[in-house]
Structure formats: structure tokens, C-alpha cells
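>>> sequence and predicted structure, then a few things I'm wondering about:
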Amino acid sequence: MCSSSATPADLHVHMATSSPALSLGTLQVFSIPSFNRSVPCIPLTSYTFPAKPLFSSLKSNINLRKFKCRTKASMAETVTPKSKAKVQVFDSEEDLAVSLAKYTADLANKFAQERDSFTVVSSGGSLVKSLRKLVEPPYVDSVDWSKWHVFWVDERVVPKDHPDSNYLLAYDGFLSKVPIPTGNVYAINDALSAEGAADDYETCLKHLVKNKIIDQSEGSGFPKFDLMLLGMGPDGHVASLFPGHPLCQENEKWVTFIKNSPKPPPERISFTFPVINSSAHVALVVAGAGKADVVHAALGDDSNSDKLPVQMVSPEGELTWFLDKGAASKLHA
Ligand SMILES: O=C1O[C@H](COP(=O)(O)O)[C@@H](O)[C@H](O)[C@H]1O
């Protein structure tokens, strides 16, 4: 069974985040339709986009005929029967991190109240740095860390103290700074092979679903995590699901493995798309101009039949993109 003990040291923490109010000058919110475009949109009442300059420039890139929008507070939002996809663009990665912390803390509190646990799945990579505001005031008091259960959407099959370990990254940047019970942190068993670690992690998830720690999707039967925090590589990969790789089509397993990852290290485990897409909430977090091309490809055009992995993210619940200006810069062109 997967390890739920924290190394390199026991977790102890308390955390908090500041959540200064975001002005419209800082945050630009607009929406895109669900990637499941076969599902018709609910008729809505109006188009309203607060971030006019950015939205205007987006017009040339996104097929507006596919937008059905309504006003909701200060944002325009697309709603479909199956899912919502919302895109938020921030002036800076700092602003993105502030908003991501609030979004995460709010969901944590909601689920802790509703079902007495909060199941959150992290990626590795740059996402972890963007979670840094969660370990700053004021969230130390507003979040009940004892309800958190932490998982990884993908992990490199290396020892937990290896610099490539996604667990270590999260431990150093986040977990070591908040009081999540050690037993609620579900790292892979790094003593096993890639295949063994994937099977073991899947067994762990099944156990937690059975014990009702993790919800289960009524529709798909796959585990339904409360929040999945996804990063995206410059090639459009999410988790360890890479463009053109057969693992993107895996429909039965919950957790799979790869031994020839195009991005080192080669051996990894990864949640599959059915698990990712059974989530109640998915946050796709992308920062930096280096990813602008793939953001443009992902949001601006779905006519290519060879979908990027990031375009296959279509959760049962809500999908929210968190972009900084750099990542969104090609949407302006
Ligand atoms: O290898 C990985 O890459 C992706 C993207 O990483 P980033 O540093 O470009 O944001 C990450 O989401 C994934 O968890 C990781 O294993």
C-alpha cells in the first residue's frame, strides 16, 4: 500500500495566506466553453467581459460562436450541463498565486464542512511554487488542515529524498509548512518498480474510496477528488500523460505507469484521464511566457483532431484556468 507517512521528516505545520482583494485591474476573468462541445450550452442571458482589452484581442483567436455567457458578479462565465471552464488571467504570477491560495482554501473549508475531509491532488513542477501563498497568513487560522488528504497526480519513480521527486518538491515548498496529519499524505511506495508503485497507489485509492475518504463518481465509478491542481508542460502534457502517448487513452486503470517518459526522469506513475476527469474541481495553473504557445493552442483552437493532453482535461465538475499574463500573451495576438 502506498506510503502515508511523511519523510524526510514528520510533517508539522501551520499555514496561512493573505488574500488581498483582487481588483479588476489585477484580474481578468473570462470563460471558455467546456471542451465537451457536443453538449449544448444552457441558454444564457448576456455577454459581459470585464477585461475588455484582453478579451477583444482574444476574439480573433477563440471561436466566439461557441461562447454562451452570462454575467455573474464581476465575471462572465460559461455554463454547460456537463461542466464549466473558466479562464482567469492575472497581471503577474504573484497575483495568480494569491488567487490560487484563496480558491484552494475556500474549497478546503467547503469540503471539510460538507464531508469532513478534503481530498486534494497535486502536480509537481512549477505548480508547487504557485501554492506558496497557502503557507502565509491568513490561512493558518481559516483552514482546518486536519481534514486534508494529499495525493499526487503523477510521481517520478525515485526515492522520496531525490531532487526529482514530486513528493520532495511539495514537502519542501508546502507540506512541511502546514499541520496536515502525516497519515493523510499519500506518497508512492518508492521501494517498488514503476508498475508496482502504480498498482500499489491504485490499491491505496480503492481502499480510501471504500472508506469514504475519497468520493466516488456516480457517473464513472472512478474516484472523485475534491480538487485536482494540475500544471502543464510546454508540450501540453498534464500529469505524466504526454502528447501522442498511448497512456492518454487508458480508460480502465486508475493509476498507470510509464517507463519511457519523454521528459526525464523516464519512470513515472500517473493518474489516468478518467480519474482526472471525474474530479469535482480542476485548477489548471500555467505561468510564464514559455508556455504561451501551448496555452494558445489549447484554448484557441480545437479543430485539430490530435488533441493535446491538456485539451483532454474535461472534468465532471468545474475547470478553472489560472494564467499569468505571460502564459496568456499569445491569446492577445
Ligand atoms: O514532469 C512534470 O511536468 C509537469 C509540468 O511541469 P512544469 O514545471 O512545466 O510546470 C508537472 O505538472 C508534472 O507534475 C511533472 O511530473
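Happy to help now that I have it. Predicted model, so just to flag it, every value in this text is computed and none were measured. Residues are numbered from 1 along each chain as shown.

>>> how about the closest residue to residue 134 other than its chain neighbours, secondary structure?
Excluding the flanking residues, the one nearest residue 134 by Cβ to Cβ, 6 or more residues apart in numbering is residue 101, at 4.6 Å. Placement of C-beta: from N, CA and C, glycine included. Following DSSP: H, G, I helix; E, B strand; the rest coil, residue 101 is assigned to helix.

>>> how close does residue 101 get to the ligand?
For residue 101, the distance to the ligand equals 17 Å [Cβ to the nearest ligand atom, to the nearest Å].

>>> how many residues are close by that residue?
Neighbour count of residue 101, defined by other Cβ atoms under 10 Å: 25.

>>> can you give me the helices in the chain?
52-59, 93-115, 127-130, 139-142, 166-173, 194-210, 273-276, 292-300 (DSSP state H).

>>> before we move on, the earlier item: my read: the residue nearest to residue 134 touches residue 133, true?
Yes: with contact defined as Cβ atoms under 8 Å, residue 101 reaches residue 133; the gap is 3.6 Å.

>>> low-confidence stretches in this protein?
Residue ranges of the chain with pLDDT under 70: 1, 3-84, 301-305, 332-333.

>>> what about the strands in it?
Per DSSP state E, the chain carries strands over the ranges 27-32, 69-72, 75-78, 84-90, 118-122, 148-152, 154-156, 215-216, 223-224, 227-230, 255-258, 268-271, 281-286, 318-324.

>>> to the ligand, which of these lies closest?
The ligand lies closest, by Cβ to the nearest ligand atom, to one member of those: strand 154-156, at 4.7 Å.

>>> what are the pairing partners of that closest one, and which direction each?
Sheet pairing for strand 154-156, assigned by DSSP bridges, gives strand 268-271 (antiparallel).

>>> so how far is the strand it pairs with from its chain's centroid?
15 Å (Cα atoms, centre = their mean, to the nearest Å).

>>> then stretch 202-218?
Stretch 202-218 has its C-alpha centroid displaced from the chain centroid by 19 Å (Cα atoms, centre = their mean).

>>> list the buried residues of that stretch.
Residues of stretch 202-218 classed as buried by neighbour count (16 or more other Cβ atoms under 10 Å): 202, 204, 205, 208, 209, 213, 214, 215, 217.

>>> how about the residues of this protein by the ligand?
For the chain, the contact set with the ligand under Cβ under 6 Å from any ligand atom comprises 123, 124, 125, 126, 127, 154, 166, 231, 233, 240, 263.

>>> buried subset of those, written for PyMOL?
Only the buried entries of those go into this PyMOL selection, using 16+ other Cβ under 10 Å:
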select buried, resi 123+124+125+126+127+154+166+231+233+240
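
>>> looking at the chain, what residue ends up closest to the ligand?
residue 125 (2.4 Å).
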